[in-house]
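**Student:** Take this sequence and fold it.
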Amino acid sequence: MKVKVISRSTEEFTRERCQDLQKVFRNYDPNLRTLEKAVEYTRALNAAKLEKIFAKPFIGAMDGHIDAVSCMTKNPNHLKGIFSGSMDGDIRLWDLATRKTVNQFPGHQGAVRGLTTSTDGDRLLSCGTDCTVRLWKVPVLKMIDPNESNEDYSQPLAVYVWKHAFWAIDHQWDGNLFATAGAQVEIWDQNRSEPINTFEWGKDTTVSVRFNPGEPDLLATSASDRSIAIYDLRMSSPARKLIMQTKTNAICWNPMEPMNFTAANEDCNCYTYDGRKLNEAKLVHKDHVSAVMDIDYSPTGREFVTGSYDRTVRIFPFNGGHSREIYHTKRMQRVFCVRFSCDASYVISGSDDTNLRLWKAKASEQMGVLLPREKRKLEYLDAVKERYKHLTDVKRIVRHRHLPKPVYKAAALRRTMIEAEKKKDERRRAHSAPGSMPVQPFRKRRIIKEEE
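**Tutor:** I've put the predicted structure just below:
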């Protein structure tokens, strides 16, 4: 004999934290909810306004260096650790949670120009203008007692001396090799005192070098002769070279799309290229009003952060032409280096005023633990803002930013100059023979020539 009974679980009808509150069930039939679009638009507008109210991106400054911060690197094995090097030869390991120095690595006699960590995260490599590359052992943050001395980590494991000053360094993503940039591009092995390979294309100084995250034998460099070159360690000669109208200060590969890289240029713009097709840029990222000094991609590959000579930090979407966020303070000077944290939640910037600054990647993000209902609410508001972002009021509120007065005036002047140049080209084309002045897009016009 079968008996049918009604079984109701308490969890299905009450909220997760408050057992005395009933869940609210809604019927999403559009025939019953005729004003749904109007309600969602109002929610999107309120969410955009609240985002501006709660936007407090600056977390704190890390003070300790006595000269300008020139370079930074992060450790893939330790989420809260960041290394920084300054112009007086000082290298420090910082704990982002406490914003204090954990350890110092003395030894360089001149400016530290490059920092990188090995594949396993146990070794730190530094290079500088004193013609040396130093290999350090990395301390584990949780094992360090601040009351004890860290003498084991203050002496380098190895010192590589060479003929010329170094301007950049980067380690292979998978392997024991690392590359240095200077008068030439040298490939080093940690177990050898001299470089195992040397690349040279032109006689000018190489200012940056980055290994490809997807293809360990591929690396990209930029030089002071305005060139961007791609080298393959399996070949005896360089692979591709690109010459632009202005110098490129830094290069960064997209970790999720390793065929693409973005170059930070002196002409205030960033250019995203496909490494397989260098005759034109895929995208031009505009907004800075002075030279872009450094660039770093988020671990997700969806955003990148830039630091500029105009004393601002900007965050760009990887497929957007304009920045979604700008960070600045009254005391921050020219920004020489920027990095995303390993969890893509924070941005660290190093500037000329000897400070490292910690920022939130999302200015209005709530710090701390969120309940499941709070997470769902925030996700819903983000989806609503995304849905109505093209409408006038929502777009205006989301895009509005307060800029420092010098940056605001420089941006207005830059717009005037670009409009004048555009009008001049149009008039010159109108008074020339048809076809004598071909129209060329900006992403191609900035490239002088490409060599193979």
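**Student:** Buried residues, stretch 59-77. List them.
**Tutor:** Residues of stretch 59-77 classed as buried: 61-62, 64-65, 68-75, 77 (neighbour count, 16 or more other Cβ atoms under 10 Å). From N, CA and C alone the C-beta is placed, and that goes for glycine too.
**Student:** residue ranges of the strands in the stretch 101-250 of the chain, please?
**Tutor:** Applying DSSP state E, counting those that start in this stretch to the stretch 101-250 of the chain gives strands spanning 112-117, 123-128, 132-137, 158-161, 168-171, 177-181, 185-189, 197-199, 206-211, 218-223, 227-232, 240-244, 248-253.
**Student:** Phe442: which of those is closest?
**Tutor:** Closest to Phe442 of those is strand 240-244 (Cβ to Cβ; 12.1 Å).
**Student:** where in the chain is pLDDT low?
**Tutor:** Residue ranges of the chain with pLDDT under 70: 16-20, 142-151, 451-452.
**Student:** rerun at 50
**Tutor:** Scanning the chain for pLDDT under 50 picks out 150.
**Student:** Could you export the buried residues of stretch 59-77 as CSV, including distance to Ile251 and secondary structure?
**Tutor:** Putting those into CSV (distance: Cβ to Cβ, whole Å; DSSP: H, G, I helix; E, B strand; the rest coil) gives the following:
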residue, distance to Ile251, secondary structure
Ala61, 28, strand
Met62, 26, strand
Gly64, 29, coil
His65, 25, coil
Ala68, 22, coil
Val69, 20, strand
Ser70, 17, strand
Cys71, 14, strand
Met72, 16, strand
Thr73, 15, strand
Lys74, 17, strand
Asn75, 21, coil
Asn77, 24, coil
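**Student:** Just give me the closest of those residues to Tyr408.
**Tutor:** Closest approach between the buried residues of stretch 59-77 and Tyr408, by Cβ to Cβ: Ala61, at 24.0 Å.
**Student:** what bridges to that closest one?
**Tutor:** Ala61 has these beta-bridge partners by DSSP bridges: Arg357.
**Student:** can you tell me which residues contact it?
**Tutor:** Each residue near Ala61 by Cβ atoms under 8 Å, 6 or more residues apart in numbering is listed here: 99, 355-358.
**Student:** how far away is the most centrally placed residue in the chain from Val3?
**Tutor:** Closest residue to the average C-alpha location of the chain: Asp296 at 2.5 Å, with Cα atoms, centre = their mean. Distance, Asp296 to Val3, by Cβ to Cβ, to the nearest Å: 66 Å.
**Student:** what number of residues lie near Gln245?
**Tutor:** Neighbours of Gln245 under the rule other Cβ atoms under 10 Å: 12.
**Student:** correction: Trp94
**Tutor:** 23.
**Student:** wait, isn't it in contact with Val102?
**Tutor:** Yes - counting by Cβ atoms under 8 Å, Val102 is a contact partner of Trp94 at 6.5 Å.
**Student:** Enumerate the positions of stretch 290-300 that are buried.
**Tutor:** By 16+ other Cβ under 10 Å, the buried positions in stretch 290-300 come out as 290-298.
**Student:** Could you give the secondary structure assignment for the residue nearest to the centre of the chain?
**Tutor:** What DSSP: H, G, I helix; E, B strand; the rest coil gives for Asp296 is strand.
**Student:** Next SSE downstream of the longest helix along the chain?
**Tutor:** Secondary structure of the chain per DSSP state H: the longest helix is helix 405-430. Downstream of helix 405-430, the first helix or strand assigned by DSSP states H and E is helix 442-445.
**Student:** Would you map the helices across this structure?
**Tutor:** Taking DSSP H as the criterion, the chain carries its helices at 36-53, 372-387, 392-399, 405-430, 442-445.
**Student:** Could you export those helices as TSV, including mean neighbour count?
**Tutor:** Below are the helices of the chain laid out as TSV (neighbours: other Cβ atoms under 10 Å):
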stretch	mean neighbour count
helix 36-53	15
helix 372-387	13
helix 392-399	14
helix 405-430	12
helix 442-445	13
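**Student:** and those as a markdown table, adding distance to Ser237?
**Tutor:** Converted to a markdown table, these look like this (distance: least, Cβ to Cβ, whole Å):
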| stretch | distance to Ser237 |
| --- | --- |
| helix 36-53 | 52 |
| helix 372-387 | 48 |
| helix 392-399 | 47 |
| helix 405-430 | 39 |
| helix 442-445 | 26 |
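**Student:** I'd like to know which of those lies nearest to Leu141.
**Tutor:** Closest to Leu141 of those is helix 372-387 (Cβ to Cβ; 28.6 Å).
**Student:** any idea how far the closest one is from the chain center?
**Tutor:** 26 Å (Cα atoms, centre = their mean, to the nearest Å).
**Student:** residues making contact with it?
**Tutor:** Applying Cβ under 8 Å, 6+ apart, the set of residues contacting helix 372-387 is 15-16, 40, 43-44, 47-48, 51, 366, 370, 394, 398.
**Student:** show me what contacts Ile230?
**Tutor:** Ile230 sits next to 218-221, 238-241, 275, 278 when contact means Cβ under 8 Å, 6+ apart.
**Student:** still on that earlier bit, which single one of the contacts of Ala61 is nearest to Asn265?
**Tutor:** For the contacts of Ala61, the nearest to Asn265 is Arg357 (23.6 Å; Cβ to Cβ).
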